[in-house]
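Participant: curious how this folds, go ahead:
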Amino acid sequence: MLKISNCIMELDYILVLKALEEIPFGVGKKLLIDFLQGEENNESIRRNHLNQGELFGKLNCSKEKLTSIIDNLILNNMINLTSIKGNKFWKVMELSEKGKIEIDNPSLYKRKLSYGFKETKTAITDKEKTLFKALPFLDKFNDEQKKSIICKNSKILCIAGAGSGKTTVLTERINFLVNYCSQDPMKILAITFTKKAKQEMLSRISNDLISIETFNSFCEKNLRQHNNLIYNKPVKVINYRDKILILRKALSSLKISMDQAINTYFSEAQKRGKPEEKLANIFLNDVFFLRDYFKFKNLPIKIESFETTTEHEKSLKMVLKICNYIENYMGKHGYRDFADQLIDTLSLFKKHPELIPKFDHILVDEYQDVNSTQIELIDQISAVNLFCVGDPRQSIYGWRGSDIRYLINFEEKYPQCEIITLTKNYRSTEHIVKLINNSIKNMGLADLKSNMKGKKDIQLLKFSSQTNELEFVIEKIKSSKLPRNEIFVLARTNKLLNDISELMKQKKIGHVVKSDETRKTVLALEDEVTLATIHSIKGMEAEMVFVIGCTPNNFPCKGSEHPVIDLVKIEEYDKEEEEKRLFYVAMSRAKQTLYLTHTKTHTYFLTDWMLNFISEKDFQQKPTLKLNQTIKPLTKLSQSKSKLTKPSKSNKIPTKLNTLNNSKGNLTNSNQSNETLIKLKNWRKEISKQSEIPAYCVMHDTTLMEILTKMPNSSSELQDIRGLGPAKITKYGDQILEIIKEN
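Facilitator: Numbering: from 1, shown residues only. Okay, the predicted model is just below:
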């Protein structure tokens, strides 16, 4: 059960929303944080008498924690960012309608994994241990795996962490039921999500009479067998060519061209760098995705189901008309899609319950990814014995309708069930396992334990440009002695994936691209690198993994290629937490070597503990790569102390300087100080341009002056600078120290 203290802590975000409601104008992040922390010295607070507000100073937590809460609320659409009139680069925060509803009926905290879910340690009895010894084939498994394979409970949930052998447990349980328990193989159904997972299971099952299906293949078999009982005409599964034809007919009916549709749907930034064919493909996939999504939810596609904005209103109305046309056309001409397969099968079984296949055992893979329609199908089949295996840490498909609450509430639905937890990781070294455990520490899940020793081979590298970042990856691949199929390059977005794929084509490096939309082989060679988006790589592993683009814009993902999909109101999960799980999934693919790379600023998903843990790696050895610019490894800030020469007291700038304009004459070492000042201002100007915020919002002049005055040499000394809180030190600390070091 959730403790009251945890509940109070989680509801800090309500105070943030109430503060936005109380402040009578749009505010920046710094002002909101200062208001909540009771910062009397903030000029805007004094000028607007905000210190008299009821919530002034009511939230006593760090700036880093408050920044994280605010970012989460923005990501979950409870705070809107709007541009100041006359200055599109200066955005302020305002309470959204969704945020107002949340104040009255808090629900966001209930979507976190730590709410209402308690992972328990698996108990192994002496009787079970005796039974294990009587079955020699179990010798190669650990006790928790053994229990999963032979447990007699009719309802079992196996929570299997990354690399803990979930497929092995599921398939071995099937073999055990047939070979040791004399179960009829024709009365066993194993069901999963992808063709790849299905093929993997088939390769491990010793009896070909067992039904191994994906949800869609199971439904399609039943629909084909009983077509005339549910349809009044032959109906077939829609293919890609059919989708193109139907979309073009839909656009024709609306009297708009594909070019016009693309220009209406995508922003200029989203179109940049993409050919028309690519944009048309994304657009096609999006409209068919929306149709499926709402069919799975059993909801009509209407404007109230979206987080509408004036900016997207025209695009949304166009998409809704297209979706309605598609629905009518498919029904009239006898097509079915993935959603139809499930929904029509449910309808068939409701009308003709005698046609429901009879199974004694159902085994469900990837149970964290099920949606309400799939659960209804499992319930309809209603086998006496149900074995489900999944991992809440790897729930990353909430955006497409998956609902982790079915896993979390398994015990509530089946009170006499057995819950078995697999925590021993057989994939990654102990160092990688420690890292991924910490990345989701706040979700309240049991830590995994590595079964693999080995050197710590984890690096977090910062680059001065994306070109250098991608060149580094390519050079590392070329110099590696690993088989190419043991190397993954993972990106959060299709755009970044396409960028490195293009560079690999130029370098004649054979690779396989697995994106969210398609899988293609490029420059096919005997041995290929896999490049993939993280969603498309789940379930796979490699010796060496690069996670590129580890920036705050990618983790959590702020940009999008799917404008209207992002507007869908989804109430089942916390978007920020799902993005953290996505980062976890990416890192947990690595067996031995993990590279995390980024430009500018690293993602705040990298906790202080993670940064310190990674920085224990010796980065003194210079890379042997010939790149256009220098690679800057992101190391523990305090380590820079030994590299920097601390100026003598006589060279320090006097402390009683108030402005940059009158400071030059007072500097005892004016040439050096002026050069440092110019570099700091140029750096701030560049950050301001990249972040699209005024320069003083990056760092105030008085803060720059205090940096010049104190000349900090380490992160601990940066903490003494007024205006540099933990969040800014994390973002900019190493860059500031580098500028000081250069002078």
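Participant: going forward, measure contacts between C-alpha atoms and count neighbours the same way
Facilitator: Fine.
Participant: contacting residues for the residue positioned nearest the centre of the chain?
Facilitator: In the chain, the C-alpha nearest the mean C-alpha coordinate belongs to E579, at 2.5 Å (C-alpha atoms, centre = their mean). Taking C-alpha atoms under 8 Å, 6 or more residues apart in numbering, we find E579 in contact with 396, 555-557.
Participant: out of those, who's nearest D292?
Facilitator: Each of the contacts of E579 was checked against D292 using C-alpha to C-alpha; the closest is I396, at 18.0 Å.
Participant: what kind of secondary structure is that closest one in?
Facilitator: Using DSSP: H, G, I helix; E, B strand; the rest coil, the structure places I396 in coil.
Participant: given the one helix or strand L531 maps to, what are its sheet partners and their directions?
Facilitator: Using DSSP states H and E, L531 sits in strand 529-533. If you go by DSSP bridges, strand 529-533 pairs up with strand 487-491 (parallel), strand 511-514 (parallel).
Participant: in the first one, which residues are buried?
Facilitator: What it means is strand 487-491. Residues 487-491 are the ones in strand 487-491 that count as buried (16 or more other C-alpha atoms under 10 Å).
Participant: with pLDDT and distance to K30 added, can I get the residues you listed in CSV?
Facilitator: Shown next, in CSV, are the buried residues of strand 487-491 (pLDDT from 0 to 100; distance: C-alpha to C-alpha, whole Å):
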residue, pLDDT, distance to K30
I487, 96, 42
F488, 96, 39
V489, 96, 36
L490, 96, 34
A491, 95, 31
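Participant: on that earlier part again, could you check how far the residue nearest to the centre of the chain is from K317?
Facilitator: Using C-alpha to C-alpha, to the nearest Å, E579 is found at 29 Å from K317.
Participant: for Q52, same thing?
Facilitator: Distance from Q52 to K317, by C-alpha to C-alpha: 45 Å.
Participant: which other helices and strands does the helix or strand where I322 lies contact?
Facilitator: Taking DSSP H and E as the definition, I322 sits inside helix 313-333. Packing partners of helix 313-333 (3 or more C-alpha pairs under 8 Å, 6 or more residues apart in numbering; DSSP states H and E): helix 240-253, helix 258-265, helix 276-296.
Participant: and stretch 426-443, end to end?
Facilitator: So stretch 426-443: terminal residues 22 Å apart, C-alpha to C-alpha.
Participant: return the set of buried residues in it.
Facilitator: Applying 16+ other C-alpha under 10 Å to stretch 426-443 flags 426-440, 443 as buried.
Participant: run through who's touching that stretch.
Facilitator: So stretch 426-443 is in contact with 112-114, 162-165, 393, 425, 447-458, 541, 580-581, 584, 587-592, 594, 605-607, 609-610, 613, going by C-alpha under 8 Å, 6+ apart.
Participant: so which elements touch whichever helix or strand comes after the helix holding I322?
Facilitator: Where DSSP H and E defines the elements, the next helix or strand beyond helix 313-333 is strand 335-336. Helices and strands touching strand 335-336, by 3+ C-alpha pairs under 8 Å, 6+ apart, are strand 236-237.
Participant: for K166, what are its contacts?
Facilitator: Taking C-alpha under 8 Å, 6+ apart as the test, what K166 contacts is 160, 389-390.
Participant: and the strand holding L531, C-alpha only, in CSV?
Facilitator: Extracted in CSV, the C-alpha atoms of strand 529-533 (Å, rounded to 0.1, in the frame of the first residue of the first chain):
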residue,chain,number,x,y,z
VAL,A,529,25.4,-2.9,-37.5
THR,A,530,21.8,-2.5,-36.3
LEU,A,531,20.6,1.0,-36.0
ALA,A,532,17.3,1.4,-34.3
THR,A,533,14.8,3.6,-32.4
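Participant: helices and strands of the chain: which one bottoms out on pLDDT?
Facilitator: Of all helical and strand segments in the chain, the minimum by mean pLDDT, DSSP states H and E falls on helix 4-10, at a mean of 40.
Participant: right, and the helix or strand after that one?
Facilitator: Following helix 4-10 in sequence, per DSSP H and E, is helix 12-22.
Participant: mind listing residues that contact that next one?
Facilitator: 26-27, 32, 36, 53, 55, 59, 69-70, 73, 78-79, 93-95, 99-100, 102-103, 106.
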